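Enquirer: Sequence and predicted structure, then a few things I'm wondering about:
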Amino acid sequence: MGYYESFYPGKNYGGGLFGNPLGYTERVSGFNLALDPRTANQLQETSNKLNTGIKNIEIQGTFAKVLEAIPDEHLREINKLSKITGTKLSFHGPLVEPSGFNQQAGRWEEFNRLGVERQLSSAVERAHQLDPKGNIVVTLHSSSELPEMLQREKVDGKEKQTGMYIVDPRTGKVNMIKETERYFPESASEKKEAFDPAKELNRINNEQWTDTLRQFAYYADIAENRGGRERLPEPVKVIQHEIDAGKLKFEDAVKDSPALAQYLISPGSEGDETRNIYLRNSYNDLKTLFDIAYKNALEHNNKIDLEKLNHFKKEVHELYPRLENNDSGALSVVIQDGLHILKKMDSKPQIFQPFNDFVIDKSSTTFANVALNSYKKFGKDDSAPIISIENPPAGSGLSRAEDLKKLIDQSRKKFEDGLVKEGYSREAAEKASEKTIGATWDVGHINMIRKFGFDKKDLIKEAETISPYLKHVHLSDNFGFEHTELPMGMGNVPLKEEFAKFGEKIKNVQKVIEVGDWWQHFKTAPLVETFAAFSSPIYSDNGPSWNQAAMRYGNYFGGFGTMLPEQHFSMYGGGFSTLPTELGGQIQRKGSGLSGTPME
């Protein structure tokens, strides 16, 4: 027999004994191997992995606390080691939430976002020590603590939205709107409308604005009643309003009609502290509502609303000295006039907004600033690290290609604006942004959309969407339901079709083998399995490939661990159980014959 008969050949990767398992061939030199992220001793990890014969390595700063325990001296030593061995390095930054959302507090805070921005900037600067003269790729997750904020699933071949998180930007509080059964007739039609998160959000915002104005009017009414103004006859109210506004003097109002004196209230004569408290609180509420209304009018370019609001601003400016002195009359005028204008707004302001859009806005600010800080320090030497934003496992926030695309676009735009402020031309800034900010595409992470009903065609479309932004690829396989990390070819990731969508670009990006579960469960390096899946040539393009070698010359263990008992060899006269596993024995070798004993 031309090849040995394997008792446990594992999965036949190809369509034929030695076929190309994934339909895509990659040289061994095209792979990076991710180190163990659980240890701060990345120097020893680097040495150990180089002993396997791998040429490219991704240093792990994945866990923030572990990253802080890695000495700078180790990073510089890894750089020296990479120069000696000709190794290409990349870096995985810490898993922190770039938007600034605090999971424990359950809300977003700018204070948190700034802290994360500084943390990521530090990580990028430290990564620069690994490759001070090159543009090291630094992978950062698009989100870390967030669930999918725009929930989608595929039912009967059609994609539908089933829920959406919304946020109040003023407080940072987040709520959830989901598909629910409604029975009250919303129109003359009996036809049930499909759940539309955008329509539901609009309904909530309209109700919220109306309710907010109602509460504001209620407390303003209490304040007026405290001073007796609401009990005045309507014609007298008009006169009182002019007195409060300073347009009519009290003495002039009662000069021709002395009887009015018993109704009208002279400014400063009330002395009602309780009323002033209510008025001041209502005035503060008015400020908040005015800001919401004005921002809404600006965003929608509503000229009618802007005209009303700007007219009101002039009135406030005229009364400002009296307002600062807590003049009850001036406070009363501004509150009543403000309430009247807010009720007459042409479009109702949006109290809540989609959390997905909000997070993209905040996270893009973080990534843009991190890239800008790095570029200002290292851009002159053309050694600024590349900020490559990764899609987290499907079901997490910003895990879909369209969301990642929006995040990168906004990050690049803010980065460009920052460079222009620094004196760069717009053309130079755009060129720098395309080079400095891009995407790390994890083929295993996106494969998990299968549990929401999506299929192979959807996965290929996702790859096509992200293709223009591709800088880096993470390789792990799974079956679409759990975040397992198997060597490629052992799950159902349609890698051939996805790589086809990346075109020629895929040949130049680093491809990182990320197989934490394989290390955990099988305690062996995933290299043979990965090389075999990709039909990687052993010596040259024309020589035998690893999948052929795995079938012809593999040992009894084939990467599946020690499975045959020692008695097997004694019983059948093998007599070589004391040999290392590479030669069919049972002795686990320390280190490798390729590079000697690993660094201890």
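Expert: In hand now; what should we look at?

Enquirer: for the longest helix belonging to the chain, packing partners?
Expert: Longest helix of the chain, by residue count under DSSP state H: helix 197-226. Secondary-structure packing of helix 197-226 (3 or more CB pairs under 8 Å, 6 or more residues apart in numbering; DSSP states H and E): strand 158-168, strand 173-178, helix 273-299, helix 328-343, strand 353-354. All C-beta spots, glycine's among them, are computed from the backbone N, C-alpha and C.

Enquirer: Name the stretch among those that sits most buried.
Expert: Mean neighbour count (mean count of other CB atoms under 10 Å) peaks for helix 328-343 among the helices and strands packed on helix 197-226, with a mean of 21.

Enquirer: Helix or strand next in line after the helix or strand hosting Gln44, which one?
Expert: If you go by DSSP states H and E, Gln44 is part of helix 42-50. For helix 42-50, the succeeding helix or strand toward the C-terminus, using DSSP H and E, is strand 56-60.

Enquirer: Which elements pack onto that following strand?
Expert: For strand 56-60, the packing partners by 3+ CB pairs under 8 Å, 6+ apart are strand 31-34, helix 42-50, helix 72-85, strand 88-92, strand 510-513.

Enquirer: give me that answer again for 6 Å
Expert: strand 31-34, helix 42-50, strand 88-92 (3 or more CB pairs under 6 Å, 6 or more residues apart in numbering; DSSP states H and E).

Enquirer: could you give the angle of the longest one to strand 88-92?
Expert: Using axes from the mean of the first three to the mean of the last three CA atoms, to 10 degrees, the interaxial angle of helix 42-50 with respect to strand 88-92 works out to 130 degrees.

Enquirer: what comes into contact with helix 42-50?
Expert: Outside helix 42-50, the residues that touch it by CB atoms under 6 Å, 6 or more residues apart in numbering are Leu33, Leu35, Asp36, Ile57, Ile59, Ile70, His74, Glu77, Ile78, Thr85, Pro598, Met599.

Enquirer: Nearest to Arg113 among these?
Expert: Ile70 (24.6 Å; CB to CB).

Enquirer: list the contacts for the closest one?
Expert: Contacts of Ile70 by CB under 6 Å, 6+ apart are Ala40, Gln42.

Enquirer: So for it, what pLDDT did the model give?
Expert: Note on Ile70: pLDDT of 97.

Enquirer: Find the helix or strand that it is a member of.
Expert: Per DSSP H and E, there is no helix or strand for Ile70.

Enquirer: how close does it get to Glu45?
Expert: Counting by CB to CB, to the nearest Å, the gap from Ile70 to Glu45 is 10 Å.

Enquirer: just Ser328 next, same as before
Expert: For Ser328, the distance to Glu45 - CB to CB - is 71 Å.

Enquirer: Any regions of the chain where pLDDT drops low?
Expert: 1-19, 181-193, 223-241, 243-247, 249-275, 540-542, 549-600 (pLDDT under 70).

Enquirer: Apply 80 and report the result again.
Expert: For the chain, the stretches flagged by pLDDT under 80 are 1-21, 179-195, 219-279, 322, 325-329, 519, 539-544, 547-600.

Enquirer: Contacts made by the helix or strand hosting Glu315 with the rest, please.
Expert: In this structure, Glu315 sits in helix 303-324 according to DSSP H and E. For helix 303-324, the external contacting residues (CB under 6 Å, 6+ apart) are Tyr294, Ala297, Ala330, Val334, Ile341, Met345, Asp346.

Enquirer: Buried residues of that helix, list them for me.
Expert: By neighbour count on 16 or more other CB atoms under 10 Å, the buried set for helix 303-324 is Asp305, Leu306, Lys308, Leu309, Phe312, Val316, Leu319, Arg322, Leu323.

Enquirer: got the angle between it and helix 273-299?
Expert: For helix 303-324 against helix 273-299, the angle by the same axes, to 10 degrees is 150 degrees.

Enquirer: for helix 303-324, the distance to its chain's centre please.
Expert: Offset of helix 303-324 from its chain centre (CA atoms, centre = their mean, to the nearest Å): 40 Å.

Enquirer: How about stretch 406-419?
Expert: The answer for stretch 406-419 is 15 Å, by CA atoms, centre = their mean.

Enquirer: Alpha carbons of it, as CSV, please.
Expert: What follows is stretch 406-419, C-alpha atoms only, in CSV (Å, rounded to 0.1, in the frame of the first residue of the first chain):
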residue,chain,number,x,y,z
LYS,A,406,-20.4,52.2,9.1
LEU,A,407,-18.0,52.2,12.1
ILE,A,408,-14.9,52.2,10.0
ASP,A,409,-16.3,54.9,7.7
GLN,A,410,-17.1,57.2,10.6
SER,A,411,-13.8,56.5,12.3
ARG,A,412,-11.9,57.4,9.1
LYS,A,413,-13.9,60.6,8.6
LYS,A,414,-13.2,61.8,12.2
PHE,A,415,-9.6,60.7,11.8
GLU,A,416,-9.3,62.8,8.6
ASP,A,417,-10.9,65.8,10.2
GLY,A,418,-8.4,65.6,13.0
LEU,A,419,-5.5,65.4,10.6
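
Enquirer: which residues are contacting it?
Expert: With CB under 6 Å, 6+ apart as the test, stretch 406-419 has contacts from 142, 360, 364, 367-368, 371-372, 398, 429-430, 433, 437, 469.

Enquirer: out of these, who's nearest Lys457?
Expert: Among the contacts of stretch 406-419, and counting by CB to CB, the member closest to Lys457 is Tyr469, at 20.9 Å.

Enquirer: number of nearby residues for the spatially closest residue to the closest one that is not a sequence neighbour?
Expert: Leaving aside its sequence neighbours, Tyr469 sits nearest to Ala439 (CB to CB, 6 or more residues apart in numbering; 4.1 Å). The tally of other residues near Ala439 (other CB atoms under 10 Å) stands at 25.

Enquirer: With that, I have no additional questions.
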